[in-house]
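Student: With the input below, show me the fold.
(one chain, ligands or ions: 1)
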Amino acid sequence: MGSSTPHGGAARPAHWGYEGKDGPEYWPTLNPAYAACGQGKNQSPINITQSAAGDAKSWKFDYKTTSLKIAHHEHVTDIVDNGHTIQVSVDGGSTLTTERGVYTLKQFHFHTPSEHTIDGSHFPMEMHFVHQSADGRFAVVAALFQEGEENVNLAKIIPHLPAAKGAKADLPEVRLELSFHLPDSKAAYTYMGSLTTPPCTESVEWLVFRDPVPASTAQLEAFASRLSPSNRPVQPLHGRVIGSRTTVNKVSR
Ligand SMILES: [Zn+2]
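Tutor: Coordinates of the predicted model:
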């Protein structure tokens, strides 16, 4: 990309990326609106230690089916600047309920390799379900992927992956069962963090499923060849406590 000349006005966010002069260590300097990326004390992602323990309250998922509306974004999306990712917007009606309230699922997207680490280890891919409350707060649910058997849900998405950045596909005939993207075991870690991309907004409720979900080597490569690298390095905990949760999965159709 070209030199990072300052952009006037807030309408056009500064370019950012994952490598070189646009990389994560420079995000706070690219735009004053990205200050939290450098100064924030509650940033994501983080390393999770398996011994992390907390109170076991439950989060409730009510995920419905959606059509497939997919885009490979370079910049701003409808709700979050996700930078270099492949994002699937979802139909309305899927919700997540936590101790802090009800959130509506807006979209999901992918990072390769994983952003969160467990006991210091990355996974080949991480999927983020981005939810927003009526008053604008975010909750993000993360599923980690490991190499294994073919993933039937990714198999529905991969044939429609946009060939180039900026490309979109709207496929009303393709139906995704959103809850099927979640692992069988609903054990999970929770903590308070941030968006992992500029502007690194804080007060985001995070839930990271403990157990990874499988995907084949070819499937993981299909995403990695388009996205890698797209992970922000892990951030300091600054005294934050990681809680454990058992989620409740209500499947409705
Ligand atoms: Zn993400």
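
Student: Show the residue spans covered by the helices in the stretch 151-253 of the chain.
Tutor: Taking DSSP state H, counting those that start in this stretch, the helices of the stretch 151-253 of the chain run over residues 152-157, 217-227.

Student: and the ones you listed, which one's lowest on average pLDDT?
Tutor: Here the lowest mean pLDDT among the helices of the stretch 151-253 of the chain goes to helix 152-157, at a mean of 90.

Student: Can you list the neighbours in contact with that one?
Tutor: Helix 152-157 is contacted from outside by Leu68, Ile70, Val88, Val174, Leu176, Glu177, Phe180, His181, Ala215, Gln219, using C-beta atoms under 8 Å, 6 or more residues apart in numbering. (Each C-beta comes from the backbone N, C-alpha and C, glycine too.)

Student: again with stretch 123-130
Tutor: By C-beta under 8 Å, 6+ apart, stretch 123-130 touches 79-80, 96, 105-116, 138, 140-147, 178, 181, 196, 212, 215, 220, 223-224, 231.

Student: what about Asp91, neighbour count?
Tutor: 16 (other C-beta atoms under 10 Å).

Student: Could you tell me which residues make contact with it?
Tutor: Here Asp91 is in contact with Lys64, Thr65, Thr66, Ser67 (criterion: C-beta under 8 Å, 6+ apart).

Student: May I have the predicted confidence score for it?
Tutor: For Asp91, the model assigns a pLDDT of 84.

Student: Also Thr196?
Tutor: With respect to pLDDT, Thr196 has a value of 95.

Student: Would you agree it is in contact with Pro45?
Tutor: Yes: assessed by C-beta atoms under 8 Å, Thr196 is found in contact with Pro45 at 5.6 Å.

Student: Those two: who's more crowded?
Tutor: Using other C-beta under 10 Å, the more surrounded residue of Thr196 and Pro45 is Thr196, with 28 against 23.

Student: need the contacts of helix 152-157 in TSV with distance to Gly17 and neighbour count, can you?
Tutor: Listed next are the contacts of helix 152-157 as TSV, based on distance: C-beta to C-beta, whole Å; neighbours: other C-beta atoms under 10 Å:
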residue	distance to Gly17	neighbour count
Leu68	27	19
Ile70	21	20
Val88	22	21
Val174	30	16
Leu176	29	21
Glu177	33	15
Phe180	32	14
His181	27	18
Ala215	25	26
Gln219	25	23
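
Student: what is in contact with Thr196 and Pro45 at once?
Tutor: Glu115, Asn231, Arg232.

Student: Okay, and Val141 sits in which element?
Tutor: strand 138-147 (DSSP states H and E).

Student: Least confident secondary structure element in the chain?
Tutor: Every helix and strand of the chain was ranked by mean pLDDT, DSSP states H and E. The lowest is strand 248-251, at a mean of 61.

Student: thinking again about what came up before, for PyMOL, write a command that selects the buried ones of the shared contacts of Thr196 and Pro45.
Tutor: Selecting the buried subset of the shared contacts of Thr196 and Pro45 in PyMOL, with 16 or more other C-beta atoms under 10 Å as the burial test, is done by:
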select buried, resi 115+231+232
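
Student: What are the boundaries of the strands in the stretch 1-150 of the chain?
Tutor: Per DSSP state E, counting those that start in this stretch, the stretch 1-150 of the chain carries strands over the ranges 47-48, 60-63, 65-73, 85-89, 95-98, 101-111, 117-118, 125-133, 138-147.
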